[in-house]
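**Student:** coordinates only, sequence not included:
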C-alpha cells in the first residue's frame, strides 16, 4: 500500500510518524515529510524517501466525530485533497483585562496529517 497524507507510518528505525505531505525530489521520485510529537510535546519533522515507509494505520474520521484543533473542541466535517474541515464549537476566550469574549462556531481547515497527529496516538 502506498503511503498517503494522514497515514501513520514507520521507517527503518521502527518509530511511528504521521505522513504530512508527499513532495517530489531531485531524482524524480517522492519524499515524505513526516511529523511526530517530541519528548517536550512539540512536533518534530523528518524528510524521508517514501519507498522506505511501511503504513501501520490509515486513520479515518467520520462526519460528526469529536476532534480537537489546537486544543479547541469541534466536530469533523470531511477531507478533500488532504485538507480536513472541522466545525469548532462556540467558545469563550479571556481578554487581557480578564473579561470574556464569545466566539461563534467556525470552520477550521487544516492538513489531515496535523489532525491525525493531534487526535490519534502516535
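**Tutor:** Looks like it came in fine. Worth saying up front: this structure is predicted, and the values here are computed from it rather than measured. Numbering: from 1, shown residues only.

**Student:** I'd like to know which helix or strand in the protein has the lowest mean pLDDT.
**Tutor:** Lowest on mean pLDDT, DSSP states H and E among the helices and strands of the chain sits strand 91-94, with a mean of 86.

**Student:** That strand: partners in the sheet, and parallel or antiparallel?
**Tutor:** If you go by DSSP bridges, strand 91-94 pairs up with strand 100-103 (antiparallel).

**Student:** So what touches the helix or strand just after the strand it pairs with?
**Tutor:** Sequence order places strand 106-111 as the next helix or strand after strand 100-103, per DSSP states H and E. With contact meaning CB atoms under 8 Å, 6 or more residues apart in numbering, strand 106-111 is reached by 5, 20-21, 69, 72, 74, 77, 82-88. Where you see a C-beta, it was placed from the backbone N, CA and C, and this is true even at glycine.

**Student:** How about stretch 34-50?
**Tutor:** 2-3, 9, 11, 15-20, 22-23, 25, 29-33, 113-114, 117, 122.

**Student:** Please narrow those to those residing in strands.
**Tutor:** Here DSSP state E is the test, and the contacts of stretch 34-50 give 9, 16, 17, 18, 19, 20, 22, 23, 30, 31, 32, 33 as lying in strands.

**Student:** got the contact list for the last one?
**Tutor:** Translated: residue 33. So residue 33 contacts 19, 20, 21, 22, 23, 45, 46, 47 (CB under 8 Å, 6+ apart).

**Student:** Give me the distance between the fifth one and residue 33.
**Tutor:** Spelled out, that is residue 23. Distance from residue 23 to residue 33, counting by CB to CB, to the nearest Å: 6 Å.

**Student:** residue at max distance from the center of the protein?
**Tutor:** residue 97 (33.4 Å; CA atoms, centre = their mean).

**Student:** Below-threshold pLDDT in the protein: ranges please.
**Tutor:** The model of the chain has pLDDT under 70 over residues 1.

**Student:** Distance from stretch 50-60 to the middle of the chain?
**Tutor:** Here stretch 50-60 is found 14 Å from its chain centre; the criterion is CA atoms, centre = their mean, to the nearest Å.
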